[in-house]
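S.K.: turn this into a model:
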Amino acid sequence: MVLSIAVKEWKLLLKEKGTFFWLLLMPVLFIVLFGSVIGQLGNSQQTITYIDRDHTAASASFLASLSEKGGYKLEEKDAGTLDDQLSRIRDGKLSALLVIPQGFDGALASSGDGKASIELYSDGASDSAAGLRSSLENVAGDYREQRIDAALKAAGASDKARAQAMESPLRIEDKPQNATGGNTVTQVVPGYTVMFVFYVMISMIRRFVNDKTSGMTARLRTTRMSPITYLLGMWLAYVGVSIVQCAVLLTFGHYAYDVQLGDPEAVIALVVMLALCGTGIGLALAMVVRSENQGMAFVQLISMGGAVIGGLWFPVEYMSKTMQTVSHFTPQYWAQTAFQDIMVRGDHIAGILPSLAVLAAFAVGCVLIAVTRFRGFMKSALG
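M.R.: Alright, predicted model coming up:
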């Protein structure tokens, strides 16, 4: 009987074109949009506008070093446009302007106490200027090392002694602890998969409200079907929909963006538990809300609010300590954490047991609420 109800519900969902849009097409579009845009932000080459008033081999060498170390694309402007460029910075249309003053070559070659200067004009509201300053300091460090090396050579130091003197006393040993490297795509694909699983609640609430207003729920009392059978049948139907939804989105992320999904058994266990959790919450909401509009408001609050607080849009580490604590009370946080554990850290089922337990607790708690509230739901259908 439970399976019959689920099959009936699947057939009805297949007839609704909007179901495919909200549960499959929309999340795919979100993954493509944010995965592509955010990924390009990290790989895009920043353009640096500069004015070279020296026009010597030294200034050309400096610019080449800056382009190589910072990965910048250099765009030269005529010296006569300085005021126009500064005006663009003040208007927020240009983030930074680099000016190499006349005499740069002579000051750089001088053995006195003088220093060659580089002028950096920047927009204080721009984050890119800080990155440019860091790159300039790296280039300046290279020049300092070259001067020290030249002084040691002039003092008669051997090549080996000079090499030892120029070595840094600090050695960085890179020891990554993750099985694979995390990136924006490993944040976006599981993040939007988790987010849109909770949108299945829209279809659940709409179906229960329609059954109630059409008299279908009231007619259940005249049949031999028990209330728990009806609830379990409806729940099973949407659990199946959520599992298919997750499978489609994760498969799309794997083939479109080469997302490494990790241990298949752990992913399957997590997807099933996530589906039980999301639909369990939807089941409880359907029994509690008084109208479809009220249900839609709750769905938006849970889905969007949980996406932000739970770290689906950006890592939880970017939040304040207080919000990080609050995030632990959302099922989205535990689902996303588990996905990251599997995809980035290489964990198996044993490593995500805490997350599975929390999702299971949400599912069981909400189903108990639904069962408790079902009698009142039936009475409202008869009223």
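
S.K.: low-confidence ranges, this structure, go.
M.R.: Filtered on pLDDT under 70, the chain yields the residue ranges 1-28, 30-45, 111-114, 125-128, 168-183, 215-225, 227, 380-383.

S.K.: so what are the domain limits for it?
M.R.: Listed by automatic domain parsing, the domain ranges of the chain are 2-36+184-382, 46-166.

S.K.: looking at those, which is buried most?
M.R.: Of all these, domain 2-36+184-382 carries the top mean neighbour count, a mean of 18, counting by mean count of other CB atoms under 10 Å. Using the backbone N, CA and C atoms, a C-beta is placed for each residue, glycine as well.

S.K.: need phi/psi at the residue of the chain positioned farthest from its centre.
M.R.: The C-alpha centroid of the chain is most remote from residue 156, which lies 55.6 Å away (CA atoms, centre = their mean). Dihedral angles of residue 156 (phi, psi; degrees, to the nearest 10) stand at phi 90, psi 10.

S.K.: can you tell me which residues contact it?
M.R.: If a contact means CB atoms under 8 Å, 6 or more residues apart in numbering, then residue 156 has no contacts.

S.K.: then residue 100?
M.R.: 50-54, 59, 62-63, 118-119.

S.K.: in CSV, list those residues along with distance to residue 303 and secondary structure.
M.R.: Shown next, in CSV, are these (distance: CB to CB, whole Å; DSSP: H, G, I helix; E, B strand; the rest coil):
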residue, distance to residue 303, secondary structure
50, 47, strand
51, 51, strand
52, 53, strand
53, 56, coil
54, 58, coil
59, 55, helix
62, 52, helix
63, 50, helix
118, 50, coil
119, 50, strand
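
S.K.: with distance to residue 338 added, can I get the residues you listed in JSON lines?
M.R.: Formatted as JSON lines, those follow (distance: CB to CB, whole Å):
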{"residue": "50", "distance to residue 338": "48"}
{"residue": "51", "distance to residue 338": "53"}
{"residue": "52", "distance to residue 338": "53"}
{"residue": "53", "distance to residue 338": "57"}
{"residue": "54", "distance to residue 338": "57"}
{"residue": "59", "distance to residue 338": "54"}
{"residue": "62", "distance to residue 338": "49"}
{"residue": "63", "distance to residue 338": "48"}
{"residue": "118", "distance to residue 338": "49"}
{"residue": "119", "distance to residue 338": "51"}
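
S.K.: which one of those residues is nearest to residue 321?
M.R.: residue 118 (39.5 Å; CB to CB).

S.K.: touching, residue 117 and residue 102? I think so.
M.R.: No. Using CB atoms under 8 Å as the test, residue 117 is too far from residue 102 to be in contact (10.8 Å).

S.K.: residue 312 belongs to a strand?
M.R.: No. Per DSSP: H, G, I helix; E, B strand; the rest coil, residue 312 lies outside any strand segment and is coil.

S.K.: I'd like the distance between it and residue 187.
M.R.: Distance of residue 312 to residue 187, computed by CB to CB, to the nearest Å: 8 Å.

S.K.: equivalent analysis for residue 55, please.
M.R.: Counting by CB to CB - residue 55 and residue 187 are separated by 46 Å.

S.K.: again with residue 86
M.R.: In terms of CB to CB, residue 86 sits 38 Å off from residue 187.

S.K.: equivalent analysis for residue 261, please.
M.R.: Taking CB to CB, one finds residue 261 at 14 Å from residue 187.

S.K.: can you check residue 350 too?
M.R.: 24 Å.

S.K.: over to residue 163?
M.R.: Distance from residue 163 to residue 187, by CB to CB: 42 Å.

S.K.: report all helices and strands that the strand or helix carrying residue 374 contacts.
M.R.: In the assignment (DSSP states H and E), residue 374 maps to helix 353-382. Packing partners of helix 353-382 (3 or more CB pairs under 8 Å, 6 or more residues apart in numbering; DSSP states H and E): helix 200-214, helix 216-219, helix 227-257, helix 264-288, helix 331-343.

S.K.: and these: which comes nearest residue 375?
M.R.: Closest of the helices and strands packed on helix 353-382 to residue 375 is helix 227-257, at 7.6 Å (criterion: CB to CB).

S.K.: where does residue 47 fall, phi/psi-wise?
M.R.: phi -90, psi 130.

S.K.: what's the nearest residue to residue 298 if we skip its chain neighbours?
M.R.: residue 285 (5.5 Å; CB to CB, 6 or more residues apart in numbering).

S.K.: for that neighbour, what are its contacts?
M.R.: If you count contacts by CB under 8 Å, 6+ apart, then residue 285 has 201, 204-205, 295, 298-299, 302 around it.

S.K.: and it, how close does it get to residue 68?
M.R.: 57 Å.
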